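1. 3D model of this:
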Amino acid sequence: MILNELYQRDPEAYQDINQDNSQPEMGQLRKTRLTLRQISKLRQMNDLRKLEFSNKLKLIKTQYSPPAEPVM
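-> Sure thing, here's the model as predicted:
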């Protein structure tokens, strides 16, 4: 868990409870098939996760980079 997650609320569109059909019901033996809408949503979430990770890396690089040499 990231420390920022304790203080920041989750964005609204991270989980859609109405579309969450991961809980199997009694008598359901097969896995559910993914629809094109679900696959598209997963791809968009993955793209967003990559973008957030790259922004986080940029921030970390600026925080821990050595200080610039003073110009004389």
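
2. pLDDT value on residue 44, please?
-> Confidence at residue 44, expressed as pLDDT, is 93.

3. Kindly report the same for the one 10 residues further on.
-> If you check residue 54, the pLDDT there is 96.

4. next one: the one 10 residues further on
-> Residue-level confidence at residue 64 comes out at 92, pLDDT.

5. Next: residue 72.
-> At residue 72, pLDDT is 72.

6. Measure how buried it is and give me the count.
-> If you count neighbours by other C-beta atoms under 10 Å, residue 72 ends up with 3. Backbone N, C-alpha and C define where each C-beta goes, glycine included.

7. Now residue 41, what are its backbone angles?
-> Reported as degrees, to the nearest 10, the phi and psi values for residue 41 are phi -60, psi -40.

8. Look up how far residue 52 lies from it.
-> 16 Å (C-beta to C-beta, to the nearest Å).

9. and those two? which has more neighbours close in?
-> Taking neighbours as other C-beta under 10 Å, residue 41 and residue 52 compare with residue 41 leading, 15 against 10.

10. Would you mind stating the distance between that one and residue 48?
-> 11 Å.

11. and if you look at residue 54?
-> Relative to residue 48, residue 54 is positioned 11 Å away (C-beta to C-beta).

12. tell me how far the helix or strand hosting residue 49 is from the chain's mean position?
-> Secondary structure from DSSP states H and E places residue 49 in helix 36-64. Distance of helix 36-64 from its chain centroid, counting by C-alpha atoms, centre = their mean, to the nearest Å, is 6 Å.

13. quick one: low-confidence ranges for the protein?
-> Scanning the chain for pLDDT under 70 picks out 1-2, 4-5, 9-17, 19-23.

14. Quick test: name the residue nearest the centre of it.
-> residue 49 (4.0 Å; C-alpha atoms, centre = their mean).

15. Brilliant, that's me finished.
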